[in-house]
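[1] Below are the sequence and a predicted model; questions follow.
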Amino acid sequence: MTAKRRYLMCRPTHFAVTYRINPWMDPTAPYDNALAVRQWANLRQAFLDLGHTVEEIDPLPGLPDMVFAANGGTIVDGRALGVQFRDAERADEAPAYAAWFRESGFEVEMPKHDNEGEGDILLAGDVLLAGTGFRTSHASHAETQEFLRRPVITLQLVDPAYYHLDTALCVLDETNIAYLPSAFSPGSQAVLRQLFPNAIIATSEDAAVLGLNAVSDGHNVVLPVQAEHLTEALRKAGYNPIGVDVSELRKAGGGPKCCTLEVRA
Ligand code: ARG
């Protein structure tokens, strides 16, 4: 369960907030690129300290959101499903990530419908939880199931602040998750209750600091240090929470998980 993980990350060399494609982004507000790079380097170091492997894809100028590697694809059993972004601002990231997958030896397929990778598609045990409503289209859930060969469970996101599944739900281990119920439609909340009766329920305060945008290896959970309630709840449930500060990246609507794509060879 706590096997060593392989992650792909993208240094935020060109990070900026120059457009607004989610409610967290304010192109008129100040941001500090150097601080973003330092916070990202600390996140990377936290993974290395846990014994995980971190590979890096070259950041491209003009793609300020490329730091959010989770949106680069979904890799399961050595098969890499590429991405198609909803927004033109991020479109050129898709071929860059696909090229990295190919060069790393993965079989790559590109989706025909909008699909923002692990931002919306999370492996939970044997199934894929797939968000829709804002970015990844429902039509893409079917092609995801077909190519990745895992059952896909569709979850309807309803709160624009939690526009990607990984902002509202975190997979903790093979059998459990943490999530914010109000980010999901009533039907999806019922599905989550059925599948994960022991889930950790996050507070709106946890979610508001993107606390659910966390990376778990099955025991250690790297999450925003500001998510105090969730940190305590994880500890009580037997996990080892590790707080990191990525407040500068939150200005683009991202947290630790957004910066991290799991490479499952
Ligand atoms: N500014 C980026 C966007 O709106 C943030 C992406 C965050 N990534 C994620 N996996 N939630 O697309």
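    Cool, the structure landed. Residues are numbered from 1 along each chain as shown.

[2] The ligand contacts on the stretch 51-200 of the chain?
    Within the stretch 51-200 of the chain, the residues that sit near the ligand (CB under 6 Å from any ligand atom) are Asp65, Phe68, Ala70, Asn71, Arg90, Gly119, His164, Asp166, Thr167. (Glycine included, C-beta is placed from N, CA and C.)

[3] Could I get the pLDDT score of the last one?
    Yep, that's Thr167 we're talking about. The per-residue pLDDT reported for Thr167 equals 98.

[4] ok, the closest residue to it other than its chain neighbours - contacts?
    Spatially, and ignoring its direct neighbours in sequence, Thr167 is nearest to Asn213 (5.5 Å; CB to CB, 6 or more residues apart in numbering). By CB atoms under 8 Å, 6 or more residues apart in numbering, Asn213 lies in contact with Asp166, Thr167, Cys170, Leu223, Pro224, Gly254, Gly255, Pro256, Lys257, Cys258.

[5] which of those residues sit farthest apart?
    Across those, the longest distance by CB to CB is 14.1 Å; it joins Cys170 and Gly254.

[6] Now do the same for Asp166: helix, strand or coil?
    helix (DSSP: H, G, I helix; E, B strand; the rest coil).

[7] try Tyr7
    At Tyr7 the chain is in strand, as set by three-state DSSP.

[8] swap in the one 4 residues further on?
    The local conformation at Arg11, judged by three-state DSSP, is coil.

[9] Find me the pLDDT at it, would you?
    For Arg11, pLDDT reads 98.

[10] how many neighbours does it have?
    Neighbours of Arg11 under the rule other CB atoms under 10 Å: 18.

[11] residues contacting Ala70?
    Ala70 makes contact with Gly117, Glu118, Gly119, Asp166, Lys257, Cys258, Cys259, Thr260, Leu261 under the criterion CB under 8 Å, 6+ apart.

[12] Please flag which of the residues you listed sit within strands.
    Among the contacts of Ala70, the residues falling in strands (DSSP state E) are Leu261.

[13] Would you convert the contacts of Ala70 into a markdown table that also reports neighbour count?
    Listed next are those as a markdown table, based on neighbours: other CB atoms under 10 Å:
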| residue | neighbour count |
| --- | --- |
| Gly117 | 30 |
| Glu118 | 25 |
| Gly119 | 29 |
| Asp166 | 31 |
| Lys257 | 30 |
| Cys258 | 26 |
| Cys259 | 27 |
| Thr260 | 26 |
| Leu261 | 29 |
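
[14] The contacts of Ala70: which two are farthest apart?
    Across the contacts of Ala70, the longest distance by CB to CB is 12.6 Å; it joins Gly117 and Cys259.

[15] Could I get the phi/psi values of the closest residue to Phe85 other than its chain neighbours?
    Spatially, and ignoring its direct neighbours in sequence, Phe85 is nearest to Ala91 (5.3 Å; CB to CB, 6+ apart). Dihedral angles of Ala91 (phi, psi; degrees, to the nearest 10) stand at phi -60, psi -40.

[16] now Ala91: how far from Val83?
    Distance, Ala91 to Val83, using CB to CB, to the nearest Å: 10 Å.

[17] So the two - more neighbours on which side?
    Each of Ala91 and Val83 has its neighbours counted (other CB under 10 Å); Val83 has more, 30 against 13.
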